[in-house]
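Undergrad: Give me a model of this one.
(chains A and B)
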Protein chains: 2
Amino acid sequence: MAVRNVLFIMCDQLRWDHLGCNGHPRLATPNIDALAARGVNFTEAYVQSGICGPSRMSFYTGRYVASHGATHNRVPLSVGEVTLGWHLREAGLALALAGKTHMLPDAHGMRRLALDGQHDLAALLREGWFTLVDRHDGHHAEPDSAYAHWLRAQGYDSPDPWTDHVIAVTDRDGSVKSGWKMRHARLPARVREEHSETAYTTDQALRFIEAQGERPWVLHLSYVKPHWPYVAPAPYHAIYAPEDALPVRRHPAERGNAAHPILREFQNEEVAQSFQNDACIAAVRPTYMGLIAQIDAHLGRLWALMERLGRWRDTLVIFTSDHGDYLGDHWLGEKELFHDCIQRVPFLLYDPSPAAEATRGTRDSRFVEAIDVAPTILEALGLPPAEHLLEGRSLLALTRGAPEAWREHVVSELDWTFRAARRRVGLPTGQHRGFMVRTARWKYVHWTSGFPPMLYDLEADPDEFHDLGREPALEGVRAEMRERLLDWATNLKCRTTLSWAEAEFRTDRHKAAGVFYGEW
Amino acid sequence: MAVRNVLFIMCDQLRWDHLGCNGHPRLATPNIDALAARGVNFTEAYVQSGICGPSRMSFYTGRYVASHGATHNRVPLSVGEVTLGWHLREAGLALALAGKTHMLPDAHGMRRLALDGQHDLAALLREGWFTLVDRHDGHHAEPDSAYAHWLRAQGYDSPDPWTDHVIAVTDRDGSVKSGWKMRHARLPARVREEHSETAYTTDQALRFIEAQGERPWVLHLSYVKPHWPYVAPAPYHAIYAPEDALPVRRHPAERGNAAHPILREFQNEEVAQSFQNDACIAAVRPTYMGLIAQIDAHLGRLWALMERLGRWRDTLVIFTSDHGDYLGDHWLGEKELFHDCIQRVPFLLYDPSPAAEATRGTRDSRFVEAIDVAPTILEALGLPPAEHLLEGRSLLALTRGAPEAWREHVVSELDWTFRAARRRVGLPTGQHRGFMVRTARWKYVHWTSGFPPMLYDLEADPDEFHDLGREPALEGVRAEMRERLLDWATNLKCRTTLSWAEAEFRTDRHKAAGVFYGEW
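TA: Next up, the predicted model:
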C-alpha cells in the first residue's frame, strides 16, 4: 500500500547511545526497539547543528543552517524560508504539530512585508507553516499555554503550573524544590505521570490520529524530553540508579592550556562546571534515562493505536532527536559543540511500502543527515522534490534497497555568538561560527574569527579525547577536510526563487524572449 | 555641509578601460573625468558577478551573490531579501529610480505570502523597494513602457518604437535594418539623439532633481548603455573609427584543447564566434565608444544642473558600471566569465564633505567591491549600518582619509546553469557555479560540478592569457587562494533576522528569560 500518512517523532536532547537498540546495556526501550525491528536503524545519523533551534530548522526546511540562516535558538527563521509545512500545503495537506518546534517568528520580516496583524497567513507564518494540534515548547514557563490551562483543570492550582508542578519536585522532608537545580534531579516531579509533558503530548497525538479517521495526515509529534529540566514524574524518577548509567567519557588531555580555546571556554560555562561535579552526573543521568523510558512507554500506547487503526499499513514513521546531551562527557554539560554525543542522533525509519521488506530490522551505517527528513517525506507522499530548496536526500533509496553512491561526510554548524564564552574570549558581536566535517574516520572543525581548527581521529580515538587540530604531521588530512568543506560551501542552494524545471526552461532562451544579442 | 542627497549613477556593460580618466587614449570623457577630479577614482573596483542581474542585486542589497541568491539574470530576488530602498524607507526616505534595475519580482514568494494582487506593498516588492521615476531596462521591446508612449508622442509612429526606431538603423541605401545584427553597428539609429535612451533617462533624472527642490533625495540614475544592441544615434555612431579602439587582447594559448573546458564552451557560443570575426570588432568597438561619449555629454547637462541648484554642496555622487564587455578579448563576446575586462569597473566617488578635501582628485588602488555602495550611502546619510545584512564596507573611511586595514582580495561569482554551454558539456539542471578570488597578484577561479580551477598570474601575465590552474608548481598558490575562498564562504552573513544589537542583547541572557539551566 502506498504511504498515506507520516508520523515524524522527535525527542529533544536524546543521545544516540541512550536506546536499547543502540546498545545501552541497562536502559530498556522495548517500544522504540520494536520500531527499529519494523524498519531501518540508521546508526550514523547526524544533525546540522548541536542545538535545538538551528537543528530543528534544518529538519523542517531540509536545508543546512548556512542556507536557512536561523543559526541559534535566539534567531528567527526568515520569512523568506519555507518549511515542510509549506510544501505540504502546496499539495493540499497540512503539517500538524503536537509538541515542540522552537520556531521563532520573523517579526522584522513580517512587519516589513505587512504580514503581522490580521493578515490571513500571520498565524501560519508565526508557526513556520505548522498547523497546531498543540504547541508546547517546554524549558520555560508558558502560563497561558493550552497545557497550563489543562493542568489547572486537572487541579494543579497555580498561575504557572509548569514551574510549580511539572518541574518542581518534592523533597524527602515533604518540602517543594525547584527542578531547575540539578541536585534535585532524583526527586519526583509534583505532577502525576499522566499529567506530565510526555503523557500530555502523547494524548494530543493519539486524539489527532484517531480523529483523522481515514483522512491522510502528517504529524510532527515532538517531545520536549529528555531535555532539561531533568525532572521525571514517579515512578520514572527512580527506576534507574547511578550505576546503570554509561561511563563518563572525559580525559585530562581535554583540559587546561592544551585544550582548544573554545572548548576551554565552554568548559568554563556554569553548566559545564556543574557537570564537572560527579554528584551532578550521578543525579542527572538516572533521571535522564527515566525520562527516556517514559517516552518509550508512551510510544507503546501510540503503537497500539496504530495497530488498532491499521495505520502500520499506510504510515511512514520516523523517530529521531534534535541533538544529544553532554551529561558530563568531555567536562561539559548541555550541548552545541561537535562531539558525537551531541551531533549523532537516533534515527529509525519505518517505511510501510512492500518495497521496503528486504530492509526491515536492518541497521544501515551510511551517513544520514537531519536535512534528509523533508525529502524523504515528500518522496513518500509522491510530492515534487523541491530540489532547488532541499539540500538533503530521500532515504527511501536506502529503505527500498536501491543503493547508489551516497554521501561520504556530514556537515554541522554552530553560531556561538550568543554564548558568554564569546564575550570571555574578547570577541565583539557578529557571527562567530564553527563548521564540522565528519567522515567515517576523521572529524574536522573549522572555526571562523581566527581560531585554529580541531581534528579527531575517530579510528584511533573514538572517544574524541585528543585534538589533532594543530598536529603538524596531519596538515594533509586537514587540507583534505577543508577541501570537503569548500566543496560543501560552494554548493549550498542559494537560488531559492526558481524551481529546477524553471531554470531548465530559462536556459539558452534569450531568442525566444525576443533578445537577439550576438548575431553578426 | 552634511550629505543630504545621493546620486548613484550606473552604466550598463561599461568596461573599466573605456574612460579618459582611466587611460583610454582616444575616447574623450571630459565630464566623467571632471567627476574624477572632484572625488576619488577607485582604480581597482570589482563587481560581485559579471552579469547584469546578480551584479546589480549585489549593488542594491550590499550582499554577495551567494547571500542574496539572485544568481543570474533570469533569477528573481527573493522576497526575503531587502535592498537599499528598504533601508532608506525605514528612515523615511525613498530610493528613486530613473532607468534600469534588471529587478525580477519573486512571483512565487509573493504568491506564497499572499503579497501579489492588490496588496499595498506589491508595487514596491515587484520593484525591489525602488520607487519609480521611470523604469527602462532596455535590451528588449517594452512597447507599453512610458518611454515607448513618449516616443510615440514625439512622432515615432510604431507599436514598438524601440525595435523600429531606437535600435533600428538606416543603411546607406536608405533601407531599414535591425540593430540586433552587429554588422550594422556603424549605421545611425532611427531615433534622434534627443529621443535616444540615454537622453530620455537623463531627462527623467534632471526633472526629478529639479522637482525635489530642497527636499532630500536618493536617485539611482541607471543608463542602459553602452550595453548592446550596439546602436548609437547620430552623431555618436560616427565619431570614432576602428583605429581609435583599444587593441584586442587575445592569444592562441587561450584556444583549443589546452583551454579550460568552460572557457572553450563560452568561446563556442554564438556571440563569441561573432566577435572572433575581426569585422565584428571593427564594427562594434567604435559605436561602443560613441555610446560612452554620449553618456558623458549628458552627464555634462547633469553637472550643470547640479551647479545651478547648488547640489555639489550636499550630494554624494557615485559613478560606476555593473560589469564590462569582452568585445572580442579572449576570443569572447558579451560577459559572465572572470577576466578583468568584465569584472573590473569604473568607480568614481564624489564626497561633498569637507572631510574629503584631502582626497579630491586622487586615485586609490585599494580594492572596492560593488557591495560597498549600499554601506557607503547609508553612512553618508547617517543611517544605521545594518551590519547583520550588509557585507560591504563604507568607502567614506577612504574618501575621508581614515585609512585602516582594508581587504586584500575581491570575490565574484557566476551561476552558468542558464547558458547553452552548460548543456553542451553535458551537465543537468542544477546550480553550476564559479567563484573568483582576486588578489593584487593572483586570480583564482574555483568551479563546482567537477571542473578544474583557473589561475592567472597578473604580474607576469596582466592580460590573463595563460591559465595556470593545472600547473603543478603552483599548487601552493592555489591552496592559499582556496583558503581565502573558504574564509569568505564561512563568513557570509546568513543570519538576516536579527540586528547585531539584538544579537548582543540576546547573548547569555537565558536567566533573564526565565531559563535556569545548568545550576547545581
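Undergrad: Give me every residue in the stretch 201-350 of chain A lying close to chain B.
TA: Those residues of the stretch 201-350 of chain A that sit near chain B, judged by Cβ under 8 Å from any Cβ of the partner chain, are A:W228, A:P229, A:E269, A:E270, A:V271, A:A272, A:S274, A:N277, A:A279, A:C280, A:G333, A:E334. Backbone N, C-alpha and C define where each C-beta goes, glycine included.
Undergrad: How about stretch A:103-114, which residues are buried there?
TA: Residues of stretch A:103-114 classed as buried by neighbour count (16 or more other Cβ atoms under 10 Å in any protein chain shown): A:M103, A:L104, A:P105, A:D106, A:H108, A:G109, A:M110, A:R112, A:L113.
Undergrad: May I have stretch A:480-493 exported as PDB, CA atoms only?
TA: Output in PDB follows, covering the C-alpha atoms of stretch A:480-493 (Å, rounded to 0.1, in the frame of the first residue of the first chain):
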ATOM      1  CA  GLU A 480      41.600  17.400   2.600                       C
ATOM      2  CA  MET A 481      38.900  18.100   5.100                       C
ATOM      3  CA  ARG A 482      39.000  21.800   4.200                       C
ATOM      4  CA  GLU A 483      38.500  20.800   0.500                       C
ATOM      5  CA  ARG A 484      35.400  18.900   1.500                       C
ATOM      6  CA  LEU A 485      34.100  22.000   3.400                       C
ATOM      7  CA  LEU A 486      34.800  24.300   0.500                       C
ATOM      8  CA  ASP A 487      33.000  21.900  -1.800                       C
ATOM      9  CA  TRP A 488      30.100  21.900   0.600                       C
ATOM     10  CA  ALA A 489      30.000  25.700   1.000                       C
ATOM     11  CA  THR A 490      30.200  26.400  -2.800                       C
ATOM     12  CA  ASN A 491      27.300  24.000  -3.500                       C
ATOM     13  CA  LEU A 492      24.800  25.300  -1.000                       C
ATOM     14  CA  LYS A 493      21.400  26.100  -2.600                       C
END
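Undergrad: What mean pLDDT does that stretch get?
TA: Averaged across stretch A:480-493, pLDDT comes to 98.
Undergrad: Then stretch A:407-422?
TA: Per-residue confidence for stretch A:407-422 averages out to 97 on the pLDDT scale.
Undergrad: and it, how far apart are its ends?
TA: The first and last residues of stretch A:407-422 sit 33 Å apart, counting by Cα to Cα, to the nearest Å.
Undergrad: In chain A, what residue comes closest to chain B?
TA: Chain B sits closest to A:G80 of chain A, with a gap of 1.5 Å, by Cβ to the nearest Cβ.
Undergrad: Is it correct that that residue falls within a strand?
TA: No - A:G80 sits outside any strand when classified using DSSP: H, G, I helix; E, B strand; the rest coil, being coil.
Undergrad: ok, it - how many residues close by?
TA: 24 (other Cβ atoms under 10 Å in any protein chain shown).
Undergrad: ok, now the one 4 residues further on?
TA: The number of residues packed around A:L84, counting by other Cβ under 10 Å, is 28.
Undergrad: Quick one: residues contacting it.
TA: Contacts here follow Cβ atoms under 8 Å, 6 or more residues apart in numbering or on different chains; on that basis A:L84 touches A:Y60, A:T61, A:G62, A:L95, A:W129, A:V218, A:V373, A:A374, A:I377, A:L378.
Undergrad: Show me how far stretch A:350-358 is from its chain's centre.
TA: Stretch A:350-358 has its C-alpha centroid displaced from the chain centroid by 25 Å (Cα atoms, centre = their mean, to the nearest Å).
Undergrad: Longest helix of chain A, counting residues only.
TA: Of all the segments of type helix in chain A, defined by DSSP state H, the longest one is helix A:278-309.
Undergrad: Remind me what that one packs against, helices and strands.
TA: The criterion is 3 or more Cβ pairs under 8 Å, 6 or more residues apart in numbering or on different chains; DSSP states H and E, and the helices and strands that helix A:278-309 contacts are strand A:5-12, helix A:30-38, helix A:197-212, strand A:218-226, helix A:270-275.
Undergrad: Please put the alpha-carbon coordinates of the first one into PDB.
TA: Once non-C-alpha atoms are left out, strand A:5-12 reads as follows in PDB (Å, rounded to 0.1, in the frame of the first residue of the first chain):
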ATOM      1  CA  ASN A   5       0.300   9.300   6.500                       C
ATOM      2  CA  VAL A   6       3.500  10.400   8.100                       C
ATOM      3  CA  LEU A   7       4.400  10.300  11.800                       C
ATOM      4  CA  PHE A   8       7.600  12.200  12.400                       C
ATOM      5  CA  ILE A   9       8.600  11.800  16.000                       C
ATOM      6  CA  MET A  10      11.300  13.800  17.600                       C
ATOM      7  CA  CYS A  11      12.800  13.700  21.100                       C
ATOM      8  CA  ASP A  12      14.600  16.700  22.500                       C
END
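Undergrad: any idea of the mean pLDDT for that strand?
TA: Taken as a whole, strand A:5-12 carries a mean pLDDT of 98.
Undergrad: mind listing what it pairs with, with the direction of each?
TA: Neighbouring strands of strand A:5-12 in its sheet, by DSSP bridges, are strand A:218-226 (parallel), strand A:315-321 (parallel).
Undergrad: okay, the residue sitting nearest the centre point of chain A: pLDDT?
TA: In chain A, the centroid-proximal residue (Cα atoms, centre = their mean) is A:D322; its distance is 1.3 Å. Residue-level confidence at A:D322 comes out at 98, pLDDT.
Undergrad: farthest pair in the buried residues of stretch A:103-114?
TA: A:M103 and A:R112 (18.5 Å; Cβ to Cβ).
Undergrad: Burial-wise, tell me which of the helices and strands packed on helix A:278-309 comes out on top.
TA: Most buried of those by mean neighbour count (mean count of other Cβ atoms under 10 Å in any protein chain shown) is strand A:218-226; its value is a mean of 26.
Undergrad: Fine by me, we can end here.
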